[in-house]
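**Q** I need the structure of the sequence given here:
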Amino acid sequence: MYGPKILLIAEDSAALRRRAEVLEGGGHEVEVAAGRNQGILACSAQTFDLIVIEAGTDAEAQNLALDIAVVAPASEIVNVNQWHSAGLDAENEPGFLLSLVTMVRAPGGSSRR
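**A** Residues are numbered from 1 along each chain as shown. Below you'll find the model as predicted:
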């Protein structure tokens, strides 16, 4: 595996599996968390370079991002709740995910330290 270590947090298990497969297919190490509590526990137990959140309402996702920033201050956190309204769908989502990951440097080199 190469590239950043990624945590995907979402309540939709099908979306989690689909996104994990795309990122793993790109050679990335991926963990998944089904919802807020699992996400916070995962961030407390290990270090991730990138954390991608899609959770509930925009406010819920923002609150989760703030809580994660407390337990994982060195991680890049991206809230993708709005990506469907921005025109991202199942056809172009894989390319978006892989492009998103390229914005985060290799492990240990995250841009927000």
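**Q** going by C-alpha atoms from here, please, whenever you check contacts or count neighbours.
**A** Noted.
**Q** where in the protein is pLDDT low?
**A** Scanning the chain for pLDDT under 70 picks out the ranges 1-3, 82-96, 99-100, 102-113.
**Q** residue nearest the centroid of the chain?
**A** Relative to the mean C-alpha position of the chain, the nearest C-alpha, by CA atoms, centre = their mean, is the one of Val52, at 1.7 Å.
**Q** and the strands in the protein, which stretches?
**A** In the chain, the segments counted as strands under DSSP state E are 5-10, 29-34, 50-54, 76-79.
**Q** partners of the first one in the sheet?
**A** So the one you mean is strand 5-10. Partner strands for strand 5-10, per DSSP bridges, with pairing direction: strand 29-34 (parallel), strand 50-54 (parallel).
**Q** TSV for the strands of the chain, including distance to Ile40?
**A** Putting those into TSV (distance: least, CA to CA, whole Å) gives the following:
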stretch	distance to Ile40
strand 5-10	9
strand 29-34	9
strand 50-54	11
strand 76-79	12
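**Q** how about these, which one is nearest Arg19?
**A** Each of those was checked against Arg19 via CA to CA, and the shortest separation belongs to strand 5-10, namely 8.0 Å.
**Q** how about the helices in this protein?
**A** Here the chain has its helices, by DSSP state H, at 13-25, 36-45, 58-71, 93-102.
**Q** so what does the first one touch, helix or strand wise?
**A** By that I understand helix 13-25. Contacts of helix 13-25 with other secondary structure elements, assessed using 3 or more CA pairs under 8 Å, 6 or more residues apart in numbering; DSSP states H and E, are made with strand 5-10, strand 29-34, helix 93-102.
**Q** and if we set it to 6 Å?
**A** The helices and strands touching helix 13-25, judged by 3 or more CA pairs under 6 Å, 6 or more residues apart in numbering; DSSP states H and E, number zero.
**Q** counting neighbours, what do you get for the residue nearest to Ser44 when sequence neighbours are not counted?
**A** Distances taken as CA to CA, 6 or more residues apart in numbering place Val71 nearest to Ser44, at 5.8 Å, with adjacent residues excluded. Under the neighbour criterion other CA atoms under 10 Å, Val71 is assigned a count of 17.
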